[in-house]
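Engineer: My questions concern the predicted model and sequence given below.
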Amino acid sequence: MAGEPQTDCLFCKIVSGDIPATIVRESETTVSFRDINPQAPTHVLVIPKAHYPDAASLAAAEPQTAADMLREAGAVAADEKVDGSGYRIILNTGSGAGQTVFHVHAHVLGGRGLQWPPG
């Protein structure tokens with residue numbers, strides 16, 4: 001059920017502490033941790049503690065938590081000192097867009113040039 005931890009979800013296991021991660025921030029509703037396959041010098045994932053498969057389902061069910069994710073993404077950028085030079089927040093939805101873990105997560109990327117469109 002949406003919002004409830006899923007036993008087969010990698011990110012739910014990180015939230016519960018069953019799988020270790022390098023946590024950089026934690027709030028009441030979110031956890032932020034370093035990506036294990038970074039695509040930029042700063043690459044941090046921001047996830048809600050509640051399980052939702054994508055950003056649209058999270059926003060529909062818990063709009064405040066969706067806002068918390070974006071606020072935490074900005075705080076991560078400030079903590080990582082990429083807020084002044086620029087950073088990108090990416091929310092992939094669906095396998096065709098590159099989503100591989102179906103627990104909504106925002107990628108915070110920075111610390112290098114981020115051209116558009118991405119390659």
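Structural biologist: Structure received.

Engineer: now the strands for the protein?
Structural biologist: For the chain, the strands defined by DSSP state E cover 23-26, 30-34, 42-48, 87-90, 106-110.

Engineer: Quick one: list the elements packing against the longest one.
Structural biologist: If I follow you right, that is strand 42-48. helix 10-16, strand 30-34, helix 63-79, strand 106-110 (3 or more C-beta pairs under 8 Å, 6 or more residues apart in numbering; DSSP states H and E). Backbone N, C-alpha and C define where each C-beta goes, glycine included.

Engineer: Could you tell me how far Gly86 is located from Ala77?
Structural biologist: Gly86 is 9 Å from Ala77, where distance means C-beta to C-beta, to the nearest Å.

Engineer: joint contacts of those two?
Structural biologist: Common neighbours of Gly86 and Ala77, using C-beta atoms under 8 Å, 6 or more residues apart in numbering, are Gly110.

Engineer: Show me which of those two is the more surrounded one.
Structural biologist: Ala77 (23 against 13; other C-beta atoms under 10 Å).

Engineer: Quick check, that one in contact with Leu109.
Structural biologist: No - the criterion here is C-beta atoms under 8 Å, and Ala77 misses it with Leu109 at 9.4 Å.

Engineer: Between the two, which contacts overlap?
Structural biologist: 42, 87.

Engineer: what stretches of this structure score poorly on pLDDT?
Structural biologist: 1, 119 (pLDDT under 70).

Engineer: Rebuild the strands of the chain as a markdown table, extending it with distance to Ala56 and mean neighbour count.
Structural biologist: Formatted as a markdown table, the strands of the chain follow (distance: least, C-beta to C-beta, whole Å; neighbours: other C-beta atoms under 10 Å):
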| stretch | distance to Ala56 | mean neighbour count |
| --- | --- | --- |
| strand 23-26 | 24 | 15 |
| strand 30-34 | 18 | 21 |
| strand 42-48 | 13 | 24 |
| strand 87-90 | 15 | 18 |
| strand 106-110 | 13 | 23 |
